[in-house]
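**Q** Show me the folded form of this:
(one chain, ligands or ions: 1)
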Amino acid sequence: MNKQSSSCLITESEQSVKNARKHLVQEGEVPSGVLRSEIEDSWLRSVEAGLNCESPLDLENLSRDSIADLKAKNRPLIEASHPEVKQLVEYFSSVGGLVMLADADATILGVKGEQRYLDSQMKYALQPGANWKEDLRGTNAVGTAVVDRTPVMITGNEHFLDSAGYLSCCSAPITDAAGDVLGVLDLTSPTDNRELPPNMSLVQQAVRSIENRMFSGQFQQQIVLSVHSRPEYLRSSWQGLLALELDGYIQAANEQVCQLLNRKRKQLVGRNLEELFGVRPEALLTDLHRKGRGQLRTRSGDFVCELLHFPNSFPASIAKAPAKTSRTASKLPEIEAPDLVELAGLDARLQKGVRMGSRALAHELPVLIQGETGTGKEVMAKSLHLDSRRSSGPFIAVNCASIPEGLIESELFGYREGAFTGSRKGGMVGRLEQAQSGTLFLDEIGDMPLALQARLLRVLQERTIAPLGGADEIALDIAVICASHRDLKALVAEGSFREDLYYRLNGVCLRIPAFRDRTDKQDFISHFLHQLTPDGRQIKIADELMLQLEGYHWPGNIRQLETTLRVAIAFMEPDELVIDSSHISDDFLEELSSSKLPVSGAIQLNAANGTLKDAELMTIQQVLEQHEGNISATANELGISRATLYRKLKQLDE
Ligand SMILES: Nc1ncnc2c1ncn2[C@@H]1O[C@H](COP(=O)(O)OP(=O)(O)OP(=O)(O)O)[C@@H](O)[C@H]1O
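**A** Here you go, the predicted model:
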């Protein structure tokens, strides 16, 4: 890199900065009104901190151990930033851009980019462990972004120290749900690199994605909503995020939602949905489960929202502790799941399913669980594990859909110390190895990238694993249970899932029926209600309401039922013992009364004249006629997918 080869043209703003620097050196003070205001303020702070702009960059070197500790302390930040750092490196490294992540103290945690653009001076200035705090190094993008808590661009001689004037940097602070700075993402290049224009907006967008990922990770026990005034921005990096308690109280709000709603964070946190948006939490949840979207109304306009996360808490009363038969058992976290008899309830198909699943595991065969979302696939996997000979071993769950593609390989297979630059001290034990002598549960297996499917297949065939950077092969002794709400066979047909892996995983395929199709709904609801009642009260559901619940199509399955029951319990007075329509939101009641169910309610009426199958097909025909042949509207009303409806219509023709 030749610094002398930079363009000879000097812009007006570069000239102003030169003049300001001359004034600073000669007069010992920062001139007023010459620099951009944020730079002027930062230069003033630098002078106040006693810095001299002609001092050399005097960075201390941290030991390898201290850097490893620093990285370990900031692991959640580093992991959450990984996909965006990777993407920025892909965009900019070939044109000399370096992507840096720093902690909240402006200490560099990592630098990525092409080494050939790093001369020895830059290597020294930008190494992990280098501290760029503003009161130590003067005006610089990373340190100044931490102080100003806002994105900052510092070009060449806008840096306070002459010795940093060869860098041009865009930095944006990464903040948590409370608005506290967690770190800084930065894109830097040599000032004389005219190939890389300032890219502040891309850095800001990357930071928003990182913050959103960290927000969702932080509020696992809350409901997390994506909010925006325009539906196309939901789930994007521009989305607003709200974390709610089940009773509708707001726990946290991200910066974007504050801007969208034009409210300060403290005007949102601790307040209730109903008070702010005039919607009762249970009515909103009903909409979210039923239509996939909800509406938040404010005086300044309407907003749409989608459910990003619902807490997956399992009622403590049905928790079963794992049998403690081995020496390691006492160290393992308790797994909560009902036993298989309780899980299967009185539904014959489920009873057969759990029998087959349990036998498959006893014979070391993999189990594949298919079922709509919320039917209890993970619960079933845990119950099967607790029933198996590996019950005293760990149950390790991996959701293949929620881990960023770049992390899934190390997450599953792990790596040994020094496997790659930036690898953690001591390496990382992958989830496969963590499941040793226990059960590995691969949820949403249909979302596993194709390249990793090949690697997983090899591991399952050879029953050994070789973590990246390790010479040793480890023999694996694990049971494997996979689940997907997507039809894996269809994925195989369309080429996005390997056929050989499908057959390897599919020792036994269990299909959990949708809740609407269970034959023991009343019994399950009563039993579940009992488990969910926190104070052991003997609560009942009024007969009329029970019939309506039984006849409803439950698109969100047991997860939706759980929310409905929890909300109803929360709306009971302490001395009440019967849940009736007064504990259910008007919206949901309306839905219950208009719900036409393909298998129970309407069918029972028709069934007198033929088999249940005939009655089901008759109901479909009626609803289809009502909707003048509109497939989507019919499927919606029947509470089934369009694909299922097409399948059933084919039967009508047969
Ligand atoms: N048999 C059951 N008894 C009690 N609660 C259950 C049962 N099955 C599921 N649940 C509850 O329903 C919710 C969803 O369960 P789970 O996460 O196992 O479903 P899933 O099919 O894996 O969902 P997804 O496909 O969305 O991952 C959880 O809150 C769980 O506690």
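**Q** and the nearest residue to residue 133 once chain neighbours are set aside, what does it touch?
**A** In space, and not counting its chain neighbours, residue 133 is closest to residue 106: 4.6 Å by C-beta to C-beta, 6 or more residues apart in numbering. In this view, the C-beta of every residue, glycine as well, is placed from N, C-alpha and C. Contact analysis of residue 106 by C-beta atoms under 8 Å, 6 or more residues apart in numbering lists 131, 132, 133, 134, 142, 143, 146, 184.
**Q** Nearest to residue 455 among those residues?
**A** Nearest to residue 455 among these, counting by C-beta to C-beta, is residue 184 at 34.6 Å.
**Q** State the number of residues packed around residue 218.
**A** Counted with other C-beta atoms under 10 Å, residues neighbouring residue 218 total 17.
**Q** mind checking how far the residue nearest to it when sequence neighbours are not counted is from residue 105?
**A** Among residues not flanking residue 218 along the chain, residue 177 sits closest, at 6.1 Å (C-beta to C-beta, 6+ apart). According to C-beta to C-beta, to the nearest Å, residue 177 and residue 105 sit 20 Å apart.
**Q** which of these two has more neighbours?
**A** Each of residue 177 and residue 105 has its neighbours counted (other C-beta under 10 Å); residue 177 has more, 19 against 15.
**Q** so the closest residue in space to residue 534 that isn't next to it in sequence is in which element?
**A** Closest residue to residue 534 apart from its sequence neighbours, by C-beta to C-beta, 6+ apart: residue 569 at 7.5 Å. Assigned by DSSP states H and E, residue 569 belongs to helix 557-570.
**Q** any idea which helix or strand comes after that helix?
**A** Downstream of helix 557-570 (by DSSP H and E), the next one is strand 578-579.
**Q** Against which helices or strands is the next helix or strand along the chain from that next one packed?
**A** Sequence-wise, the next helix or strand downstream of strand 578-579 (DSSP H and E) is helix 586-594. Packed against helix 586-594, as judged by 3 or more C-beta pairs under 8 Å, 6 or more residues apart in numbering; DSSP states H and E, are the following elements: helix 281-290, helix 543-551.
**Q** Return the member of the ones you listed having the minimum mean pLDDT.
**A** The minimum mean pLDDT among those belongs to helix 281-290 (a mean of 78).
**Q** which SS class is the nearest residue to residue 124 once chain neighbours are set aside?
**A** Excluding the flanking residues, the one nearest residue 124 by C-beta to C-beta, 6+ apart is residue 59, at 6.8 Å. Following DSSP: H, G, I helix; E, B strand; the rest coil, residue 59 is assigned to coil.
**Q** residues in contact with residue 59?
**A** Neighbours of residue 59 in contact, by C-beta under 8 Å, 6+ apart: 124, 125, 127, 130, 131.
**Q** Could you count how many residues lie near residue 48?
**A** 10.
**Q** give me the low-pLDDT residue ranges for the stretch 51-200 of the chain?
**A** 117-120, 194-198 (pLDDT under 70).
**Q** where do the helices sit along it?
**A** 64-73, 75-92, 120-125, 134-137, 141-148, 200-218 (DSSP state H, counting those that start in this stretch).
**Q** Tell me which of the ones you listed sits most buried.
**A** Most buried of those, by mean neighbour count (mean count of other C-beta atoms under 10 Å): helix 141-148, with a mean of 26.
**Q** picking up where we left off before, quick check: the residue nearest to residue 218 touching residue 243?
**A** Yes - taking contacts as C-beta atoms under 8 Å, residue 177 lies within contact range of residue 243: 7.0 Å.
**Q** I'd say the residue nearest to residue 534 and residue 535 touch.
**A** No - at 9.7 Å, residue 569 and residue 535 do not qualify as touching, with contact defined as C-beta under 8 Å.
**Q** Pick out whichever of the two has more residues nearby.
**A** residue 569 (18 against 7).
**Q** for that one, what are its contacts?
**A** Residue 569 neighbours (C-beta under 8 Å, 6+ apart): 529, 532, 533, 534, 539, 579, 583.
**Q** the bottom helix or strand of this structure by mean pLDDT?
**A** helix 601-607 (a mean of 36; mean pLDDT, DSSP states H and E).
**Q** picking up where we left off before, closest to the ligand out of the contacts of residue 569?
**A** Each of these was scored against the ligand by C-beta to the nearest ligand atom, and residue 532 proved nearest at 8.6 Å.
**Q** Got the confidence number for that closest one?
**A** Checking the pLDDT column for residue 532, the value is 87.
**Q** So which bits of this protein are right by the ligand?
**A** Residues of the chain lying close to the ligand (C-beta under 6 Å from any ligand atom) are 312, 314, 338, 343, 371, 373-379, 443, 485, 528, 558-559, 562.
**Q** Let's see that with 8 Å instead.
**A** 310-315, 318, 338, 342-343, 345, 369, 371-383, 399, 443-444, 483, 485, 512, 524, 528, 531, 557-559, 561-562 (C-beta under 8 Å from any ligand atom).
**Q** Which two among the contacts of residue 59 are spaced furthest apart?
**A** Top of the distance list for the contacts of residue 59 (C-beta to C-beta): 124 and 131, 12.9 Å.
**Q** How about residue 644: what's its closest non-neighbour residue?
**A** Once chain neighbours are set aside, the closest to residue 644 by C-beta to C-beta, 6+ apart is residue 635, at 7.3 Å.
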